[in-house]
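Asks: Predicted model follows, preceded by the sequence.
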Amino acid sequence: MTALLEVNNLKKIYQSRRSGVAIEALSDIQLEVEAGEYVAIMGESGSGKSTLLNILATLDKPTSGQVMLDGRDLKTVSEKEAAAFRRQHLGFVFQDFNLLDTFSVKDNILLPLVLSRMALKEMLPLLDQVAKSLGIQALLEKFPYELSGGQQQRVAVARAIITKPELLLADEPTGALDSHTSDQLLEVFQQINQQGQTIVMVTHSSIAASRAKRVLFIKDGLVFHQLYRGEMTNQQFLEMIAETMTALLSKED
Ligand SMILES: Nc1ncnc2c1ncn2[C@@H]1O[C@H](COP(=O)(O)OP(=O)(O)OP(=O)(O)O)[C@@H](O)[C@H]1O
């Protein structure tokens, strides 16, 4: 079986325009994600997590190496095609929700379908389904500024999954949430993963990572280590992740 996402020998070097100094953010990343997996990516600040996510999201290009999504090399996605490609195949959830304040919740969620020119009568059943599964039916006519952070993030998740993307990419999705709301969001992620949604989530939080099925640790631009949940409970997996993070941070090179 081929993986849904395959990353081979990915390297990213940033060239500082001012100083001319080259920074190697990713040196040789190798990873595979199967359809239906829920993978968290951890690593200390500056280890290259956002760089990796941006490349997977087709928002940035690698210096070398390959990313294959569902058998397609992202190199073959042209600049012109990129926005439509992202809409059709990927969903995004960010730390700061990124909702449009002048649009109602309903219109925010429908936006990717509107941009894909779907007919309204096809959209509405999808809206209904996604709103029900995230428990946000009562919020549809409100505006984002009328919602709590947790509610806004649920709306952002609804917008990300309404297109039924092959892959949901999340960058610090619990970063702006308090611990209670963060738990609720993590439940939502577990629930949509159980329904078949593949998720790759970058996070600083060991608690968030402990809800995934697998955790990758990045250090020095490489996948340094990985842990599988297997039969572990959330608490057991959390302890193992926390120990690994401590070891990772204490091992200076
Ligand atoms: N646009 C850029 N130009 C130059 N250097 C960059 C750029 N973006 C990131 N970097 C550098 O690349 C390295 C990796 O950064 P990246 O943001 O991917 O790390 P991160 O693991 O996501 O960090 P954090 O957890 O703090 O968000 C860092 O050394 C950073 O300073």
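Replies: Happy to help now that I have it. Computed from a prediction, not measured in an experiment: that's the story for all the values here.
Asks: ok, for whichever residue of the stretch 151-253 of the chain sits closest to the ligand, nearest residue in space, not its chain neighbours?
Replies: The nearest approach of the stretch 151-253 of the chain to the ligand comes at residue 204, 6.1 Å away (Cβ to the nearest ligand atom). Every residue, glycine included, has its C-beta placed from N, CA and C. What sits nearest to residue 204 in space, not counting adjacent residues and going by Cβ to Cβ, 6 or more residues apart in numbering, is residue 172, at 6.6 Å.
Asks: who's in contact with that neighbour?
Replies: 94, 95, 202, 203, 204 (Cβ atoms under 8 Å, 6 or more residues apart in numbering).
Asks: Check the burial of the residue nearest to the first one when sequence neighbours are not counted by counting its neighbours.
Replies: When you say that, I think you mean residue 94. In this structure, residue 94 finds its nearest non-sequential neighbour in residue 171, 5.3 Å apart by Cβ to Cβ, 6+ apart. For residue 171, the count of nearby residues is 20 (other Cβ atoms under 10 Å).
Asks: what are the bridge partners for residue 171, then?
Replies: residue 94, residue 202 (DSSP bridges).
Asks: you'd agree it is up against residue 204?
Replies: No: the pair residue 171 / residue 204 is not scored as a contact, 10.7 Å apart, by Cβ atoms under 8 Å.
Asks: need the contact list for residue 89.
Replies: 69, 70, 165, 166, 167.
Asks: go on, residue 30?
Replies: Going by Cβ under 8 Å, 6+ apart, residue 30 touches 7, 8, 9, 10, 223.
Asks: And the residue nearest to residue 212 when sequence neighbours are not counted, how close does it get to residue 98?
Replies: Distance criterion Cβ to Cβ, 6+ apart; nearest residue to residue 212, sequence neighbours excluded, is residue 40 at 3.9 Å. Distance, residue 40 to residue 98, using Cβ to Cβ, to the nearest Å: 21 Å.
Asks: more neighbours, the two?
Replies: Neighbour comparison, residue 40 and residue 98: the larger count goes to residue 40, with 25 against 14 (by other Cβ under 10 Å).
Asks: how about the more buried one, secondary structure?
Replies: Following DSSP: H, G, I helix; E, B strand; the rest coil, residue 40 is assigned to strand.
Asks: Go ahead and confirm it touches residue 208.
Replies: Yes: using Cβ under 8 Å, residue 40 is in contact with residue 208, at 6.7 Å.
Asks: near the ligand, which residues of this protein?
Replies: The interface of the chain toward the ligand, taken as Cβ under 6 Å from any ligand atom, is made up of 14, 16, 23, 25, 43, 45, 46, 47, 48, 49, 50, 51.
Asks: For those residues, please prepare TSV with the additional fields neighbour count.
Replies: As requested, the residues of the chain next to the ligand are exported to TSV (neighbours: other Cβ atoms under 10 Å):
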residue	neighbour count
14	14
16	9
23	14
25	22
43	25
45	6
46	10
47	21
48	23
49	22
50	17
51	21
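Asks: Sort out for me which of these are in strands.
Replies: 14, 23, 25 (DSSP state E).
Asks: can you pull out the helices in the chain?
Replies: 49-56, 79-89, 105-115, 120-134, 149-161, 179-194, 206-209, 234-250 (DSSP state H).
Asks: Convert the C-alpha atoms of the third one to CSV, please.
Replies: This means helix 105-115. Below are the C-alpha coordinates for helix 105-115, written out as CSV (Å, rounded to 0.1, in the frame of the first residue of the first chain):
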residue,chain,number,x,y,z
VAL,A,105,-20.0,31.6,10.7
LYS,A,106,-22.0,29.9,8.0
ASP,A,107,-20.3,31.9,5.3
ASN,A,108,-16.9,31.3,6.7
ILE,A,109,-17.5,27.6,6.7
LEU,A,110,-19.0,27.6,3.1
LEU,A,111,-16.2,29.8,1.8
PRO,A,112,-14.0,27.0,0.3
LEU,A,113,-17.1,25.5,-1.4
VAL,A,114,-18.1,28.9,-2.8
LEU,A,115,-14.5,29.3,-4.1
